[in-house]
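J.: just coords:
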């Protein structure tokens, strides 16, 4: 007797996985922005990196690392305090691949000086690509890279650390950093009562010979598996920066006691901890009482990476949305051929293209800062403004990308739900939105002439673009107001938009004109796709976004 078949469907009209692609070569705005900012010579190696990170294997590592979150092992089997964090092997593989490519150290020479040329731009392209696959592991990667800027304030310590930090090896072993093939560094600044107001820190540092013993608490110390941390504590002369290794010089486990791992909205693959120091060994970095001045060297670089990662997340959201729309049919046409979907996707593509040009332009400023005062001024004024705009743009953008996929975008089987949960962290960490606006105001107050020169340069670079002259005048007028803090968000957003138009004008003038027309000459609608673009511009934007 023939049994009835209970199969009710076959799977069709679904997009194939967006994987086994070259994440560099298929991203024309990235290729052009890297070239425009001095990184053209690295195209072949970036394409190799893009193929590797665009593989199905790397995508699967990112998925598994987030499904198998870190675990805190406070004690060993015999009751000895160990405070180790256990990760899934996929996490360690992601770390190893990033380290092998030098994402954690390629902007420095082996002795800890800036590498020069286009090192920042080229490394940023890698960071941006890796962020599209798995962002959580990039937290220790970015802090390790940024820590060198702070350690430079203590040359003898930097000289000891760099031989280990400058390798392209990842060593997950629990051992003293000086015995390892490679090392990572984390950071601990915030406490319960202060948060961003680190001057309210109560952790104490007491001198012990040439070193210090630190006692206190950190409400949020990310990447607790690192081999050492830069922490802030109150010494005799005031708030000071310290280098605190996981192991004391005698080889014993340092008195760093993790209370718990944070249960975060996103960033699940990466461990973040609440910690207490119980007379932990540490060495001073820089002068006593100059802790903020010392660690801000590191914070500038981590803020830069927050912006790069946010743009990488938005790029991934756009690529997945556009890829899906080109394969999905609705009402007898592919989604990508429906006029309303084209309006949404092209507006999103324009936002990502401008954001990509902007962060690569910022990285060029970091490359040139050591020998160009105007680039240094650009870096100081624009870093907080760019972090503010790109990081706060990402969550809404990624929601829109999810909606382009409909229900397929909302489920955890795909990557966009993870991207969406990940996206708020970059705006919150390393200074929230209001802090970024205050930092722009501080830069204006400290260096009014240099800041004015930057604004004049942006005005010159956007001359003739729709609304650019009016935007530049508005920014200058608003920042001179006595109540400037009250309207700082408005002015900082306009500054970021003007800088985006300027950066994009150096990469793709037609796209810069479209961006200025929809963002500077008028207030952009709160929803993507609520702009009017000509059909040929829509086609060009989408073809550049994903050939």
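T.: Perfect, I can see it now. A quick note: this is a predicted structure, and the numbers were derived from the prediction, not measured. Numbering: from 1, shown residues only.
J.: use CA for all of it now, contacts and neighbours both
T.: Fine.
J.: average pLDDT for stretch 158-169?
T.: Averaged across stretch 158-169, pLDDT comes to 98.
J.: Can you mark which positions in that stretch are buried?
T.: For stretch 158-169, a neighbour-count test (16 or more other CA atoms under 10 Å) marks 158, 161-169 as buried.
J.: what comes into contact with that stretch?
T.: For stretch 158-169, the surrounding residues in contact (CA atoms under 8 Å, 6 or more residues apart in numbering) are 96, 99-102, 105, 108-112, 148, 151-152, 177-178, 180-184.
J.: how does it look with 7 Å?
T.: Contacts with stretch 158-169, where a contact means CA atoms under 7 Å, 6 or more residues apart in numbering, come from 96, 99-102, 105, 110-112, 151-152, 181-183.
J.: Starting from residue 486, give me the distance back to residue 282.
T.: From residue 282 across to residue 486, the span is 41 Å (CA to CA, to the nearest Å).
J.: now swap in residue 116 and tell me
T.: To residue 486, residue 116 is 39 Å away according to CA to CA.
J.: which other helices and strands contact the top strand by length along the chain?
T.: In the chain, assigned by DSSP state E, the strand with the most residues is strand 272-285. The helices and strands touching strand 272-285, judged by 3 or more CA pairs under 7 Å, 6 or more residues apart in numbering; DSSP states H and E, are strand 211-222, strand 238-245, strand 256-261.
J.: Only the buried residues of the last one, if you could.
T.: Looking back up the chat, that one is strand 256-261. So for strand 256-261, counting by 16+ other CA under 10 Å, buried means 256-261.
J.: who does that strand pair up with?
T.: strand 272-285 (antiparallel) (DSSP bridges).
J.: circling back: same list, the contacts of stretch 158-169, but as a markdown table with neighbour count and distance to residue 87 please.
T.: Output for the contacts of stretch 158-169, formatted as a markdown table (neighbours: other CA atoms under 10 Å; distance: CA to CA, whole Å):
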| residue | neighbour count | distance to residue 87 |
| --- | --- | --- |
| 96 | 17 | 13 |
| 99 | 23 | 17 |
| 100 | 15 | 19 |
| 101 | 17 | 21 |
| 102 | 20 | 22 |
| 105 | 26 | 23 |
| 110 | 17 | 29 |
| 111 | 18 | 31 |
| 112 | 21 | 30 |
| 151 | 27 | 28 |
| 152 | 19 | 31 |
| 181 | 17 | 19 |
| 182 | 22 | 18 |
| 183 | 28 | 16 |
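J.: Out of these, which is nearest to residue 25?
T.: Taking CA to CA as the measure, residue 25 lies nearest residue 101 of the contacts of stretch 158-169, at 17.6 Å.
J.: How about that closest one: what's its closest non-neighbour residue?
T.: Nearest residue to residue 101, sequence neighbours excluded (CA to CA, 6 or more residues apart in numbering): residue 168, at 7.0 Å.
J.: With residue 20 instead?
T.: residue 55 (4.1 Å).
J.: For residue 116 and residue 486, indicate the residue with more neighbours.
T.: Neighbours per residue (other CA atoms under 10 Å) separate residue 116 from residue 486, with residue 116 holding more: 17 against 9.
J.: Distance check, the more buried one against residue 101.
T.: Residue 116 sits 17 Å away from residue 101, going by CA to CA.
J.: Which secondary structure state does the residue nearest to residue 101 sit in?
T.: Recorded secondary structure, residue 168: coil (DSSP: H, G, I helix; E, B strand; the rest coil).
J.: Could you check how far it is from residue 104?
T.: From residue 168 to residue 104 the distance is 8 Å (CA to CA).
J.: Residue 208 now?
T.: 32 Å.
J.: who's more crowded, these two?
T.: When neighbours are counted by other CA under 10 Å, residue 104 comes out ahead of the other of residue 208 and residue 104, with 29 against 12.
J.: Touching, that one and residue 142? I think so.
T.: Yes: assessed by CA atoms under 7 Å, residue 104 is found in contact with residue 142 at 6.2 Å.
J.: can you pull out the helices in the stretch 301-450 of the chain?
T.: 339-368, 373-405, 407-410, 416-422, 424-428, 433-446, 448-461 (DSSP state H, counting those that start in this stretch).
J.: could you redo these as JSON lines and give each row mean pLDDT?
T.: Output for the helices of the stretch 301-450 of the chain, formatted as JSON lines (pLDDT from 0 to 100):
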{"stretch": "helix 339-368", "mean pLDDT": "98"}
{"stretch": "helix 373-405", "mean pLDDT": "98"}
{"stretch": "helix 407-410", "mean pLDDT": "94"}
{"stretch": "helix 416-422", "mean pLDDT": "97"}
{"stretch": "helix 424-428", "mean pLDDT": "96"}
{"stretch": "helix 433-446", "mean pLDDT": "95"}
{"stretch": "helix 448-461", "mean pLDDT": "96"}
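J.: before we move on, back to that, tell me which two in the contacts of stretch 158-169 are the farthest apart.
T.: Farthest-apart pair in these is 96 and 152; separation 25.3 Å (CA to CA).
J.: what's in contact with stretch 362-378?
T.: For stretch 362-378, contacts defined as CA under 7 Å, 6+ apart pick out 37, 116-121, 379, 450-451, 454.
J.: Among the residues you listed, name the buried ones.
T.: The buried subset of the contacts of stretch 362-378 (16+ other CA under 10 Å) comprises 37, 116, 118-121, 379, 450-451, 454.
J.: Any chance of TSV for those, columns distance to residue 138?
T.: Supplementary listing: the buried ones among the contacts of stretch 362-378 in TSV, determined by distance: CA to CA, whole Å:
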residue	distance to residue 138
37	23
116	22
118	21
119	18
120	16
121	17
379	22
450	33
451	32
454	31
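J.: Just the closest of those residues to residue 83, please.
T.: Using CA to CA, the shortest approach to residue 83 within the buried ones among the contacts of stretch 362-378 belongs to residue 120, at 34.7 Å.
J.: for the closest one, what are its contacts?
T.: Per CA under 7 Å, 6+ apart, neighbours of residue 120: 107, 363-364, 366-367.
J.: and which of those residues is nearest to residue 443?
T.: Distance ranking of those against residue 443, using CA to CA, places residue 366 first at 16.2 Å.
J.: For residue 316, grab the count of nearby residues.
T.: Residue 316 has 25 neighbouring residues, counting by other CA under 10 Å.
J.: what's the closest non-adjacent residue to it?
T.: residue 132 (5.2 Å).
J.: One more: residue 64?
T.: In space, residue 64 is closest to residue 90, 6.4 Å off (CA to CA, 6+ apart).
J.: Let me know how buried the one you found is, in neighbour terms.
T.: 19.
J.: next one: the helix or strand containing it to chain centre, how far?
T.: In this assignment (DSSP states H and E), residue 90 forms part of helix 89-100. Put simply, helix 89-100 sits 18 Å off its chain's centre (CA atoms, centre = their mean, to the nearest Å).
J.: ok, residues contacting that helix?
T.: Looking at what lies outside helix 89-100 - CA under 7 Å, 6+ apart - the contacts are 61, 64-65, 137, 168-170.
J.: From the centroid of the chain, which residue is nearest?
T.: Geometric centre of the chain, nearest residue: residue 306, 2.5 Å, by CA atoms, centre = their mean.
J.: For the helix-or-strand element of the chain with minimal mean pLDDT, which strands pair with it and how are they oriented?
T.: Among the helices and strands of the chain, strand 329-330 carries the lowest confidence by mean pLDDT, DSSP states H and E, at a mean of 88. Its sheet considered, strand 329-330 pairs with strand 333-334 (antiparallel) by DSSP bridges.
J.: Let me know the average pLDDT across the partner strand.
T.: Rounded mean pLDDT across strand 333-334 is 93.
J.: Quick one: residues contacting residue 121.
T.: Per CA under 7 Å, 6+ apart, neighbours of residue 121: 34, 37, 39, 360, 363-364.
J.: farthest pair in the residues you listed?
T.: Greatest spacing in these, by CA to CA: 39 and 363 (10.7 Å).
J.: more crowded one of these two?
T.: Legend: neighbour count by other CA under 10 Å for residue 39 and residue 363, higher for residue 363 (28 against 23).
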